[in-house]
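In: The following comprises the amino acid sequence and a computationally predicted model.
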Amino acid sequence: MNFAALDLHPAIQSALDECGYSEMTPIQRQAIVPARRGRDILANAQTGTGKTAAFSLPVLQQLADKPKELESGQVRALILTPTRELAQQLFDTIGRYNQHLGLRMVAVYGGVNLDTQMKKLRRGADLLIATPGRMLEHINACNVNLGTTEFVVLDEADRMLDMGFVTDVMSILDVTPKSRQTLLFSATLSDSVHKLSNKILTRPEKIKAARHNTIADTIEHVVYPVEEQRKADLFAELIKEENWFQVLVFTSTKAQANELMMDLKYDGIEAVLCHGDKSQGARRRAVADFKAGKIQVLVATEVAARGLDIQGLEQVVNYNLPYLAEDYVHRVGRAGRAGMAGKAISFVSREEEQALASIEKLIGSQIRRVFRKGYEVGSRDGLRKRIHKKGPKRRINKATRTQTIAKKAAKPKKR
């Protein structure tokens, strides 16, 4: 079934044609028609299935069908999403569908000046994209009025719950009309997601677009058993030996990301950071430079696991396995997109073996192990002796390493 069969507003259809959209994906075929008719939706949709169009096109169509003059602070449609990166990506993507329609769109999220956003909100918005925390700030400051909001979309609902936003989400929904249409999209349908859906949805159309927690067949999965303190050495060696042009690498914490960044700089590998301690502008520049091929390695925490769409990305590395097995699916989903081949490489210490077992159970297959000489996982006593004998550079004093990096940076380059 193609989009032309939907009889969409000419401005929307024209935008879809320019985007190169013709055939609908499964989630779009199942969700657009009932959503356009005003039904609440509970959708199980994986990243990369076309879910943004599935929930935004019926909302845009209904807004276009019944145009209204916006009053100060009024919001007709609200889309909640868990992270700044996803909010910006939704704004860009939906903006392309809206390019000829001309509806007023606004995005609000943390890391950006509150007053600047306030001025935009005071003018009203046909469609507002927001993160829960920043949305509540504007509600409490009386910068926005959701009393006449007609549509609410929860994107990546499972992720919002994982991040502890359930109270914020409920507080936001409490100030919207009971008569609103609500669309809930989630990559996983956990008990907590079902509990939320029962509270906020009315006789929803239930949609499952793909097998639960499916991973693209084009992705090859590999595990390197390695001690935690040797991961940085292994990563640097693989980058150079395999001649990886672009690598997205995930750590579990910001501290681990910072430490890895220092190790990569020591090895002369161009890398940038993307985690919660970085400003929104810095994170946006980091991703843009990585996408443009200016940077070889993007070091990220879970904040970047969803929403990143990098054309031609072949390698995703799990420097540390995620705490939740489901997050493995979203991390490695950054590679192998649009039918392209990709590789998911995971460094697994003894302490992470249980997490690996959970991931293998979730995806329904055992991941191939690669045992690399010199990085064998043995007893702790044996490892200490080997490290002491080899004396790897990675275990040098941090202050000394920082001084070394500074000297390298200050040294004049030969012309």
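Out: On my side now, so go ahead. Residues are numbered from 1 along each chain as shown.
In: Poorly predicted segments of the stretch 51-200 of the chain, please.
Out: Within the stretch 51-200 of the chain, no range satisfies pLDDT under 70.
In: now the helices for it?
Out: Taking DSSP state H, counting those that start in this stretch as the criterion, the stretch 51-200 of the chain carries its helices at 51-65, 84-97, 114-122, 132-140, 157-162, 166-174, 191-200.
In: Name the residues of the last one that are buried.
Out: If I follow you right, that is helix 191-200. 193, 196-197, 200 (16 or more other Cβ atoms under 10 Å). The way it works is simple: take the backbone N, C-alpha and C, and place the C-beta from them, glycine included.
In: CA atoms only for that helix - export them in PDB, please.
Out: Below are the C-alpha coordinates for helix 191-200, written out as PDB (Å, rounded to 0.1, in the frame of the first residue of the first chain):
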ATOM      1  CA  ASP A 191       4.400  -4.400  32.400                       C
ATOM      2  CA  SER A 192       5.100  -0.700  33.200                       C
ATOM      3  CA  VAL A 193       4.100   0.400  29.700                       C
ATOM      4  CA  HIS A 194       0.900  -1.700  29.800                       C
ATOM      5  CA  LYS A 195       0.100  -0.100  33.200                       C
ATOM      6  CA  LEU A 196       0.600   3.400  31.800                       C
ATOM      7  CA  SER A 197      -1.500   2.600  28.700                       C
ATOM      8  CA  ASN A 198      -4.400   1.400  30.800                       C
ATOM      9  CA  LYS A 199      -4.400   4.700  32.600                       C
ATOM     10  CA  ILE A 200      -4.200   7.100  29.700                       C
END
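In: i'd like the first residue to be 53 from this point on
Out: I'll keep to 53 as the first residue from here, and by that count the last item is helix 243-252.
In: relative to helix 218-226, how tilted is it?
Out: 20 degrees (axes from the mean of the first three to the mean of the last three Cα atoms, to 10 degrees).
In: helices and strands around the next helix or strand after helix 243-252, which ones?
Out: As assigned by DSSP states H and E, the chain's next helix or strand after helix 243-252 is strand 257-260. With contacts defined as 3 or more Cβ pairs under 8 Å, 6 or more residues apart in numbering; DSSP states H and E, strand 257-260 has these neighbours: helix 78-88, strand 93-96.
In: The shortest one: which residues count as buried?
Out: Burial within strand 93-96, assessed by neighbour count using 16+ other Cβ under 10 Å, is assigned to 93-96.
In: Check the first one too.
Out: Applying a neighbour-count criterion of 16+ other Cβ under 10 Å, one finds 79-84, 86-88 buried in helix 78-88.
In: out of the residues you listed, who's nearest Asp210?
Out: Nearest to Asp210 among the buried residues of helix 78-88 is Ile79, at 15.5 Å by Cβ to Cβ.
In: Contacts only, for the nearest residue to that closest one once chain neighbours are set aside.
Out: Closest residue to Ile79 apart from its sequence neighbours, by Cβ to Cβ, 6 or more residues apart in numbering: Ala261 at 3.6 Å. Neighbouring residues of Ala261 by Cβ atoms under 8 Å, 6 or more residues apart in numbering: 77-79, 82-83, 95-98, 101, 103.
In: Show me the two of the buried residues of strand 93-96 that sit farthest apart.
Out: Ile93 and Asn96 (10.6 Å).
In: what's the overlap in contacts for the two?
Out: With Cβ under 8 Å, 6+ apart, Ile93 and Asn96 have common neighbours Ile259.
In: if we can go back for a sec, of the contacts of Ala261, the lowest pLDDT goes to which?
Out: Ranked by pLDDT, the contacts of Ala261 bottom out at Gln98, which has 70.
In: and that one, how many neighbours?
Out: Counted with other Cβ atoms under 10 Å, residues neighbouring Gln98 total 22.
In: mind giving me the domain ranges of the chain?
Out: Here the domain parsing of the chain from automatic domain parsing is 55-260, 271-458.
In: mind checking the end-to-end distance for the first one?
Out: End-to-end distance of domain 55-260 (Cα to Cα, to the nearest Å): 20 Å.
In: chain center to it: distance?
Out: Relative to the centre of its chain, domain 55-260 is centred 16 Å away, using Cα atoms, centre = their mean, to the nearest Å.
In: Could you export the helix or strand harbouring Leu312 as CSV, CA atoms only?
Out: Here Leu312 sits within helix 306-318, counting by DSSP H and E. What follows is helix 306-318, C-alpha atoms only, in CSV (Å, rounded to 0.1, in the frame of the first residue of the first chain):
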residue,chain,number,x,y,z
LYS,A,306,29.7,9.3,31.9
ALA,A,307,32.8,8.5,34.0
GLN,A,308,33.6,5.6,31.7
ALA,A,309,33.0,7.7,28.6
ASN,A,310,35.4,10.4,29.9
GLU,A,311,38.1,7.8,30.8
LEU,A,312,37.8,6.2,27.3
MET,A,313,38.0,9.6,25.7
MET,A,314,41.3,10.3,27.5
ASP,A,315,42.7,6.9,26.3
LEU,A,316,41.7,7.6,22.7
LYS,A,317,43.4,11.0,22.8
TYR,A,318,46.6,9.3,24.2
